[in-house]
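Visitor: Sequence and predicted model, in that order:
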Amino acid sequence: MRSITFSFLCLLLAFFSLKGAAQLKLVTGERFLQGVSLKKVFVSVEDHTVWALTQDGKVYKKGATENDFQIYAPTAQITVAEITGYTEQEMYFLVRPDVIVHFKAGVKLEIKVPYPEVTRINNISIINEYKNTFYYQYYPTVPNTDYLAIATNKHMYKLFRGNTAVTATYNYDNQPVVSQPEWRITNTGNFSVDFQYTYPAYSCNFQPDRNTITFHTKLPYFFSGAIPDNGPYPSKINATLTGHYYIDPLTGNSDYLSRFYFWGTDEGLFVKASRDCPTSTIAKVIPNVIVNDLEEINALSPIAMQNYILAATDKGVYYTQESIFKDLNVLTNVQSIKFKTLQGFPIEKVYSICMDSQELVSVDFSSGVTYDTMCEKVAWVASETGLTKIYAVLEQEYFDDIRLANLFFSKPQSNTGDYTKAIFNTCGSESITVNTRIREDFDSQLLIQWFKDGQELPDLVGMKTVTFQESGEYSFTALVLCEGIKFKSIPIIINNNKGPIITFTYPPTVNICTNQSFVFETQLFTGYSYRWFKDNVQVANANLNKYTANVSGNYRVEVSSCSGAFESSANVKLNVLPTITPVINKDKVGYCKGETAKLTVANAEQLKTKWYLNEVELTEFSARNEIAVNVAGLYRVSFSNAANCETKATAVKVEFNEPPVVQLTRSSDRVLCHGETVRLTAVTTNGIKYLWNTGATTANIDVGTSGKYSVLVYGIGDCAVTSEQVEVVVNTALKEVKPVIVANKAIYCRDDNAVLSVNNQAAYPTKWFKNGTEITAFANRNSIEGLEAGNYEVEFLSGTCSSRSVVFPVVFSSPPDATITKNTAKTLCKGETLTLSVPYVAGNKYLWNTGQTSPVIIVAESGAYSVAISNEANCHSISEVLNVTINPRPNVPIIPPLNICQLLKEEIHLKAPEGYLYYIWNGVRTTKSTYLVTRTGDYTLTIEDENGCTTAATYKVLPYCKELMMPNSFSPNGDGVNDIWTVSGLENDPRAVIAIFNRMGARVHETNGTKAFWDGKTKNGHAPVGTYYSRGIKWLNPT
């Protein structure tokens, strides 16, 4: 049986010490894009969209929930050379020679490297660091960032995610040849990206001129390694892959320096180990086949990472059935890496392979340590005939004999050195805790099941740490949920021996007195070990079968009959009872002769009591907490606890004294009204202190409430006597009664009848007052009227007591002012307004005969206007009627436009209606109603009547001649005679259009009525001598 032991090295040896069964099986699945020759396949890591690039630069894509591939429309009009990106909504496409087309959320952006020496972009690839939050904890000085790597003919450049400008270059040791660095990206995997560049030399014994830099997204730094490309090795390198041995989640062991360098050429696939330089053993693991691309499958990462390699070749798909890392001790044995062809896959050219990786980042937050787990079960293969989906399946048979032994136990196993099983010999209640060393945050990736003697323990499903006590054979299985592979642990065998004999027969509680001790004991047996505990804390040096205690606490003993395993007795509570000193309390400070003294003691613990008088026990008072006595003397009491420890109180002296004499007097014997007081005085003999039944402590008090009053007077020795009671009577009939005067109106107008009344349901006698003087004529009335202005009060009577109201003022108001005022005195014409107003007083109400309710109105019509006003006292006034006249304006009829021919010197008389006072023609004031016009234009008229009202109008006079004058010849030679051909009679009418034509009918000149002439010029210069024609005058928009 193979087993995984405490060391990580042994764990890997166990994995690969196998009987020859295959670990990995590849199954050919669905085919897509059949008949299409593909150049590359790529899976965007964050949303698992699959992208296919054809040989002629077309791009297809299939979303994670889509059934088939569709052409990617945004790149349909460009030829794409490389493809990479984060999600369907954030992709990069390389267009030769040096343009990167970036699509983000449907927005297109073209990006170039802004350095003149960069003339060509060879490759692009993203480096995705969405796990940066976790890695930053592990490497806080070297945070990782998502970026696009750009390989050019000059440098390798970075375009950080979210940026649109290339601003950074890579920093690297072993500088490349500056004249021809030729950076290339030879691997674009999800977990690592390989860069290549030319450089002069390296430390190994061969003379290469290619260096490969591997950047792993799991690490914040680069690995660099030389790949030979001279001598027997091909100079053309098509693809590279650097396989790393990752951290083991069970042990925490890792070896990041353990890695294999693979490089594919036209002559096959080569590999060398990182640790064997300078001997540099190189193996040709796929001979004489063109290798185009390399990919890596990571499996079983929650248990121990397994690495498998896929190769895309011109003769189909090759892969390793076993993990390339079999044992750290034999890492340099590159000859052990074996490839085989994928059966069932066509022997054709395969250009690209890409894994669809599901990656989780687990974090131990207590330490900040992070660990990646991966689930990789699907590979996409791009070939000359389309795209194939390949499924990666691990064979359970290969792992059936592996046993997980790298466990933590709460004590060393009894069979030290045997890693095939763990045996523990235990005693009594001793238990064994087993820690699987599987991380707590792998719950969603591993299923843990526990078994005892072959039967599952369902209550322990998923538990990483368990504790067992009973004898039996225990084990657990760990099912890796991604790959469906189950691992078994080594058996854990517990042999439990019977516990020791413990005799510890004490009651649950033992009481002792202060300064006493108690001995605990258990039976002594040869070969037994003993240890004592107080309050669950082990007592130092207490290792006998007896222990003496004198302090309160819970005591127990643990006994062992075999090495290292102890059984415990029950706890016994030891009480060291403290002594409580009693205190006697008297019910009074002093007593009078004939009284009984009451003595008490507080006894919350219910201790036994004894009473003493002058140190003689009063047996009749035994076990009492209270006694009553009438004999003077020294009294004492004692307590006895459960341990019969007795303590006595301090003696208390009891005396009986002569009482004082007291008599009460009062300052008045009459019945009091509410608010009055009477003085009560205590007249005493031998009195020292006073205590009234009101709580007062003076010799006299003033009281104002009905009741019976007495005083307790203390004499010598606090002997006290209570006086007889004195009764005080207070008339409270009017205590809550306050007369309130109500008026029939709040404010009175002149000549109103003012009426005041009071609510007197109890029918008290009344008195009325005006300005402080009683009005005897209104005595015993609840309502009075016919009053003048003044301040009135009313008073209720009850016996000799009375209650008076507050002062009520009676006020008489004057009527409001209703005088209407106009804002102007001038004559008004139609269209003008007049403002009418009355004085404004807050609280007044206004009502005009127009229905308006404001103190100011605006009128525009003739009529009679008036307003009614009322104030808060409801006093009314009505204004006089104000007549308003609005005069009409003169009437001017609408005058149609008139025509005139200025060429013939025509005249027109403009006529206005007669009978008005003034006529203003074009601003000239006259009394004439006619106006002579000889020219065209607009003429204004304003008519004013005898009231000063005016009306304005405008007369339009338009040019019009019945005949036009057009000369039949002119000589534009510049001699000043007949140089211009002019058309007369258009009267500067811009609507008239004049056109001149030559004998061929071509138009040579055109003008309008405002420039009705021609100087013989055309746009080409002077017109030649000849005959020209005008076809008449054309009017635009004629009226």
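Guide: That came through fine.
Visitor: quick one: the helices in the stretch 301-450 of the chain?
Guide: With DSSP state H, counting those that start in this stretch, the ranges of helices along the stretch 301-450 of the chain come out as 396-399.
Visitor: pLDDT weak spots in it?
Guide: 326-332, 360-372 (pLDDT under 70).
Visitor: Please enumerate the helices of the stretch 751-900 of the chain.
Guide: Applying DSSP H, counting those that start in this stretch to the stretch 751-900 of the chain gives no helices.
Visitor: was I right about residue 184 contacting residue 152?
Guide: No - in this structure, residue 184 is not within contact of residue 152 by C-beta atoms under 8 Å, at 9.7 Å. In this view, the C-beta of every residue, glycine as well, is placed from N, C-alpha and C.
Visitor: Look at those two and report which has more neighbours.
Guide: Shown here are residue 184 and residue 152; by other C-beta atoms under 10 Å, residue 152 has more neighbours (24 against 21).
Visitor: follow-up on the earlier one: what touches both of residue 184 and residue 152?
Guide: Common neighbours of residue 184 and residue 152 (criterion: C-beta atoms under 8 Å, 6 or more residues apart in numbering): residue 122.
Visitor: neighbours of residue 948, just the number please.
Guide: Other residues near residue 948 come to 13 when the count uses other C-beta under 10 Å.
Visitor: I'd like the distance between it and residue 923.
Guide: Counting by C-beta to C-beta, to the nearest Å, the separation of residue 948 from residue 923 is 18 Å.
Visitor: same deal with residue 667?
Guide: Distance of residue 667 to residue 923, computed by C-beta to C-beta: 108 Å.
Visitor: Next: residue 521.
Guide: With the distance defined as C-beta to C-beta, residue 521 ends up 142 Å from residue 923.
Visitor: more crowded one of the two?
Guide: Remark: of residue 521 and residue 923, residue 521 carries more neighbours, 15 against 7, as counted by other C-beta under 10 Å.
Visitor: quick one: that one and residue 544 touch, right?
Guide: No - counting by C-beta under 8 Å, residue 521 sits too far from residue 544 to count as a contact (9.2 Å).
Visitor: from memory residue 836 sits against residue 855, does it?
Guide: No - at 9.6 Å, residue 836 does not count as touching residue 855 under the criterion of C-beta under 8 Å.
Visitor: The two - which one has more neighbours?
Guide: A direct count of neighbours by other C-beta under 10 Å for residue 836 and residue 855 places residue 836 higher, at 22 against 17.
Visitor: the helices in this protein, which residues?
Guide: In the chain, the helices defined using DSSP state H lie at 8-16, 132-138, 396-399.
Visitor: Lowest average pLDDT across the ones you listed?
Guide: Lowest mean pLDDT within the helices of the chain: helix 8-16, at a mean of 34.
Visitor: Show me what residue 940 is bridged to.
Guide: Bridge pairing for residue 940 (DSSP bridges) gives the partners residue 954.
Visitor: In this structure it contacts residue 950, no?
Guide: No - applying C-beta under 8 Å as the test, residue 940 and residue 950 come out as separate, 12.0 Å apart.
Visitor: Kindly provide the distance from residue 832 to residue 952.
Guide: With distances taken as C-beta to C-beta, residue 832 is found 15 Å from residue 952.
Visitor: One more: residue 707?
Guide: Distance from residue 707 to residue 952, counting by C-beta to C-beta: 101 Å.
Visitor: Please apply the same query to residue 1010.
Guide: 29 Å.
Visitor: quick one, strands of the stretch 301-450 of the chain?
Guide: 306-313, 316-319, 340-341, 350-364, 369-383, 386-394, 403-404, 408-409, 422-427, 432-435, 446-452 (DSSP state E, counting those that start in this stretch).
Visitor: wait, which of the ones you listed is closest to residue 111?
Guide: strand 350-364 (23.6 Å; C-beta to C-beta).
Visitor: and the residue nearest to residue 183 when sequence neighbours are not counted, what does it touch?
Guide: Sequence neighbours aside, residue 151 is the residue nearest to residue 183 in space, at 4.0 Å (criterion: C-beta to C-beta, 6 or more residues apart in numbering). When contacts are counted by C-beta under 8 Å, 6+ apart, residue 151 is found next to 121-124, 183-185, 195.
Visitor: can you put those residues in JSON lines and add pLDDT and distance to residue 616?
Guide: Formatted as JSON lines, those follow (pLDDT from 0 to 100; distance: C-beta to C-beta, whole Å):
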{"residue": "121", "pLDDT": "94", "distance to residue 616": "120"}
{"residue": "122", "pLDDT": "92", "distance to residue 616": "120"}
{"residue": "123", "pLDDT": "92", "distance to residue 616": "117"}
{"residue": "124", "pLDDT": "94", "distance to residue 616": "114"}
{"residue": "183", "pLDDT": "78", "distance to residue 616": "117"}
{"residue": "184", "pLDDT": "82", "distance to residue 616": "119"}
{"residue": "185", "pLDDT": "84", "distance to residue 616": "114"}
{"residue": "195", "pLDDT": "67", "distance to residue 616": "112"}
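Visitor: These in strands, which ones?
Guide: Judged by DSSP state E, strands contain the following of the contacts of residue 151: 121-124, 184-185, 195.
Visitor: Closest to residue 981 out of these?
Guide: For the ones in strands among the contacts of residue 151, the residue nearest residue 981 by C-beta to C-beta is residue 121; the value is 75.8 Å.
Visitor: got the contact list for the closest residue to the closest one other than its chain neighbours?
Guide: Leaving aside its chain neighbours, residue 121 sits nearest to residue 98 (5.0 Å; criterion: C-beta to C-beta, 6+ apart). Taking C-beta under 8 Å, 6+ apart, we find residue 98 in contact with 112-113, 118-121, 152.
Visitor: Kindly present those residues as TSV, with separate columns for distance to residue 562.
Guide: Converted to TSV, these look like this (distance: C-beta to C-beta, whole Å):
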residue	distance to residue 562
112	81
113	78
118	80
119	84
120	81
121	77
152	76
